[in-house]
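Participant: Predicted model, plus sequence, below.
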Amino acid sequence: MRAYILRRLAQSVLVVLAVTTIMFFMFRVVPSDPTVMLVERGISEEARQALLERWGLTGSLWEQYLRYMGNLLVGDFGSSFFYRQPVWDVLLPRIANTLWIAVPGLLLGALIGSALGMVVGWARRGGAVERGGILVATIIRGTPSFIIGIALLAIFSSWLGWLPGFGMGDAGGATGLARYLRWDFLLHLILPLMAVVIYFLPENLLLMRSGVVENRTEDYIELVRAKGVSDARVAWHAGRNSLLPLITWLFPALAETIAGIVVIEIVFSWPGIGRELVLAVTRQDYPVAQAAFFLLAVMIVLANLAADLTYGKLDPRVVYK
Amino acid sequence: MSVTAEHASPRRLAWLTDPLRLLMSDSFAVAGVTVFGIFVLIAIFAPWIATHPPYESALSPEGRLLRLQPPSAEHWFGTTTFGHDVFSQFILGFRIALMVGVLGALAVGVISTMFGVISGYFGGLIDDILMRITDVALSIPTLPFAIVAVGLLGPSINNIILVIALLFWRNGARIIRSAVLTERERVYVRWARAAGASHLHIILRHILPNVFRVVFLWITMSVAFAILTEASLSFIGLGDPSVVSWGQMLNTAFSSGNLRTAWWWVVPPSVALVMLISALYLIGRAFEEQTNPRLRRN
């Protein structure tokens, strides 16, 4: 077990290293000159060199690469070309903002989705509930997240006029946690959060449904039924055993969905890490873009690792090699 | 020899006809195929259906720009904030969506099949190396990668298709590899090998036809992923400015601040995207359901 964890950890480190290397060369090789945005025109050659040095853009590509990787190891992402402040200071609040819509959104989506999936999975095969559930879930799954956002904006913001759909509301000078404990913030939170829930729900539903359908013909279900317990409890037995594949799928899905929340953040002008990535790319603010991309990639690697490790914890039949 | 050939001929195309028959037995899949077929027809005839050039500014008799006009006899779906005809842009969007979808999915299909077949069939060191490459590729966040890559390479439709190909081969390679692994161990493959058949012959005649179902499923899903990726990138503002795509239309409506009022401009591209992607998912779902014996209804 310990050997397995160590091996998976080493593997994860290698994967992160590879992704970071790909990313570094993508950013450095493709654009003609990363200093175009950084260095104002008409600046003297001396001042330009000094600036380049400050931003770590001198020396050969290899020297830059080694310096960059060294800085990454100590968690130094450099400074933003655009904001003229350390990348961490730019990204940390953005990450918090993203988590505000991502974490509750994904949890609610998984909870509601799997509950509905259990209902659809336990419904009569070929009946209206099953067919209707599958059709609606597939159509929602086929709806791009920005269209979900646009629909919510149209209904709740423009038509009914109940909820705001732009930004996070006025901070009123509040900082830290107090920034988030405002009524105004919560009102602004509802629509983007709803969008994440709806976006994430159908896949949970469909996965849970397949699990229940696969399990409902198993012998142990017959046994439970023979014991004379209520139908709902029998359904729960089938559902509980379908949770296992759902949970292992959930971690990578979480990570991938956080990366996919980018578009929802754009629709609602929610100042999260995904929106910042898009802004950084269009502003050619490479340090911020690189760091945001790196953090998202690390999240996916960690999520895969967590999925592998929990699977064994939950299913005693799994043997680690 | 001629006897076996005659005997085999009706089943020669089984790898193609079996998946099709399977599709036709699922009513959701039939609906998906029908929608997809209609979309393909509209895409083919788009230039003849469109009533105006997509970027032609509509002018009133007095020469004023007709911006944000609701639907009328002249402009069936109204006009944009620049006075462009929404119906014509919408119809031409069918071409772009299907072009991106089909080209992207074909590229994904070729790459993932090559990766999967080589990795699964030969095994050993080749398999190890290819699967480690796949592991790294699987750790790349999908949309952020697309944003960064298109941002760096420049927003053109070719770069968008390239990014789609780079992104979606990886899951397909895994799935196709595991299908190849089971095929490889079949008795007839070993016999063919023992009889002196070349690797290429075995792959082309025995492995590929038998994993075609999986390849087909992955290509279908890739069409949907490709369309979704192009639409998302265009909506974000990283689309090809020289083509009219649905994502692009929504982006223009969004960035010009008309998302909430000009429903005639927003609804058509949204509905078309949802219909097309859902239709493809319905086809894909039927495949998964029918090929998994524990899900099949008897």
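Facilitator: Structure received.
Participant: give the contact list for A:Met118.
Facilitator: A:208-209, A:212, A:235-236, A:238-239, A:242 (C-beta atoms under 8 Å, 6 or more residues apart in numbering or on different chains). Glycine gets a C-beta too; all of them are placed from N, C-alpha and C.
Participant: For the closest residue to chain A within the stretch 1-150 of chain B, grab the count of nearby residues.
Facilitator: Relative to chain A, the nearest point of the stretch 1-150 of chain B is B:Pro141 (3.8 Å; C-beta to the nearest C-beta). Counted with other C-beta atoms under 10 Å in any protein chain shown, residues neighbouring B:Pro141 total 28.
Participant: Report whether stretch B:147-156 contacts chain A.
Facilitator: Yes: applying C-beta under 8 Å from any C-beta of the partner chain, one finds stretch B:147-156 in contact with chain A at B:147-149, B:151-153.
Participant: Let me have those in a markdown table, extended by pLDDT, distance to A:Gly75 and neighbour count.
Facilitator: Formatted as a markdown table, the residues of stretch B:147-156 next to chain A follow (pLDDT from 0 to 100; distance: C-beta to C-beta, whole Å; neighbours: other C-beta atoms under 10 Å in any protein chain shown):
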| residue | pLDDT | distance to A:Gly75 | neighbour count |
| --- | --- | --- | --- |
| B:Ile147 | 91 | 24 | 28 |
| B:Val148 | 90 | 21 | 27 |
| B:Ala149 | 89 | 25 | 21 |
| B:Gly151 | 87 | 25 | 24 |
| B:Leu152 | 86 | 25 | 18 |
| B:Leu153 | 85 | 29 | 16 |
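Participant: from those residues, which is closest to A:Val120?
Facilitator: Proximity of the residues of stretch B:147-156 next to chain A to A:Val120 (C-beta to C-beta) peaks at B:Ile147, which lies at 34.6 Å.
Participant: I'd say that closest one and A:Glu265 touch.
Facilitator: No: contact criterion C-beta atoms under 8 Å: B:Ile147 and A:Glu265 do not qualify, at 12.0 Å.
Participant: can I assume B:Gly239 is in contact with B:Trp246?
Facilitator: No: with contacts counted by C-beta under 8 Å, B:Gly239 stays clear of B:Trp246, the gap being 9.9 Å.
Participant: how far away is the most centrally placed residue in chain B from A:Ala195?
Facilitator: Centroid check for chain B by C-alpha atoms, centre = their mean gives B:Val223 as the closest residue, at 0.7 Å. Separation of B:Val223 from A:Ala195 (C-beta to C-beta, to the nearest Å): 25 Å.
Participant: how does chain A divide into domains?
Facilitator: A:2-73, A:94-314 (automatic domain parsing).
Participant: and the contacts of A:Met118 as TSV, adding secondary structure?
Facilitator: Shown next, in TSV, are the contacts of A:Met118 (DSSP: H, G, I helix; E, B strand; the rest coil):
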residue	secondary structure
A:Met208	helix
A:Arg209	helix
A:Val212	helix
A:Ala235	helix
A:Trp236	helix
A:Ala238	helix
A:Gly239	helix
A:Ser242	helix
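Participant: Most proximal residue of the stretch 51-200 of chain A with respect to chain B?
Facilitator: A:Gly142 (3.2 Å).
Participant: name the element the residue nearest to that residue when sequence neighbours are not counted belongs to?
Facilitator: Spatial nearest neighbour of A:Gly142, chain neighbours left out: B:Ser278 (3.2 Å); criterion: C-beta to C-beta, 6 or more residues apart in numbering or on different chains. Assigned by DSSP states H and E, B:Ser278 belongs to helix B:263-291.
Participant: And that helix, what's buried?
Facilitator: B:263-270, B:272-287, B:289-290 (16 or more other C-beta atoms under 10 Å in any protein chain shown).
Participant: Next, the angle helix B:263-291 makes with the strand or helix carrying B:Ile91.
Facilitator: Element membership for B:Ile91 (DSSP H and E) is helix B:86-122. Interaxial angle, helix B:86-122 versus helix B:263-291 (axes from the mean of the first three to the mean of the last three C-alpha atoms, to 10 degrees): 20 degrees.
Participant: Please see if helix B:86-122 touches chain A.
Facilitator: No: applying C-beta under 8 Å from any C-beta, one finds helix B:86-122 separated from chain A by no less than 11.7 Å.
Participant: Render the CA-only coordinates of stretch A:107-116 in PDB, please.
Facilitator: The C-alpha coordinates for stretch A:107-116 follow below in PDB (Å, rounded to 0.1, in the frame of the first residue of the first chain):
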ATOM      1  CA  LEU A 107     -21.500  19.400  -4.400                       C
ATOM      2  CA  LEU A 108     -25.100  20.400  -5.000                       C
ATOM      3  CA  GLY A 109     -24.900  19.100  -8.600                       C
ATOM      4  CA  ALA A 110     -23.500  15.800  -7.500                       C
ATOM      5  CA  LEU A 111     -26.100  15.400  -4.700                       C
ATOM      6  CA  ILE A 112     -29.200  16.400  -6.700                       C
ATOM      7  CA  GLY A 113     -27.900  14.600  -9.800                       C
ATOM      8  CA  SER A 114     -27.300  11.300  -8.100                       C
ATOM      9  CA  ALA A 115     -30.600  11.400  -6.200                       C
ATOM     10  CA  LEU A 116     -32.500  12.000  -9.500                       C
END
